[in-house]
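*Asks:* Sequence first, predicted coordinates after that:
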Amino acid sequence: MPEKSRKGQAYRHTPAFILLFLAREDLYGASLLNVMQRELPRYAADSAVIYRALQDLEMDGAVRSYWETDISGPARKWYAITEKGFERLAELKEDIEMRMRNFEFFLGLYEKVAR
């Protein structure tokens, strides 16, 4: 498989995880990246992947952003899930469940035919 395809596959579910974590609490970009790296096993996306996905989700109306300016230091851009984001999260959940069933079938059959 070409490197580009593998890399794209590695981040396939990034929007689902972003929406899931934003459903729990509003986060700014760096905090979202930290949460994903801490809580997801083997997740190695960098900030560019996260910010690109956030931008796409915001353009789609699945998240909204707001600025926190009443803090010392630079202002922070926070992200929150929207009603459309919760709908998209439910759709992504169904897709992931279907993929899990396919993977479980594969693993079960593999155990029967592997030498």
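*Replies:* Received, thanks.

*Asks:* all helices of the chain, in order?
*Replies:* 3-10, 14-24, 29-39, 47-59, 83-113 (DSSP state H).

*Asks:* Next, the angle helix 14-24 makes with the longest one.
*Replies:* Note on geometry: by axes from the mean of the first three to the mean of the last three Cα atoms, to 10 degrees, helix 83-113 and helix 14-24 are set 120 degrees apart in direction.

*Asks:* how about helix 83-113: buried residues?
*Replies:* For helix 83-113, a neighbour-count test (16 or more other Cβ atoms under 10 Å) marks Gly85, Arg88, Leu89, Leu92 as buried. For every residue, glycine as well, the C-beta is placed using N, CA and C.

*Asks:* With stretch 58-77 instead?
*Replies:* Those buried within stretch 58-77 under the rule 16+ other Cβ under 10 Å are Ala62, Val63, Arg64.
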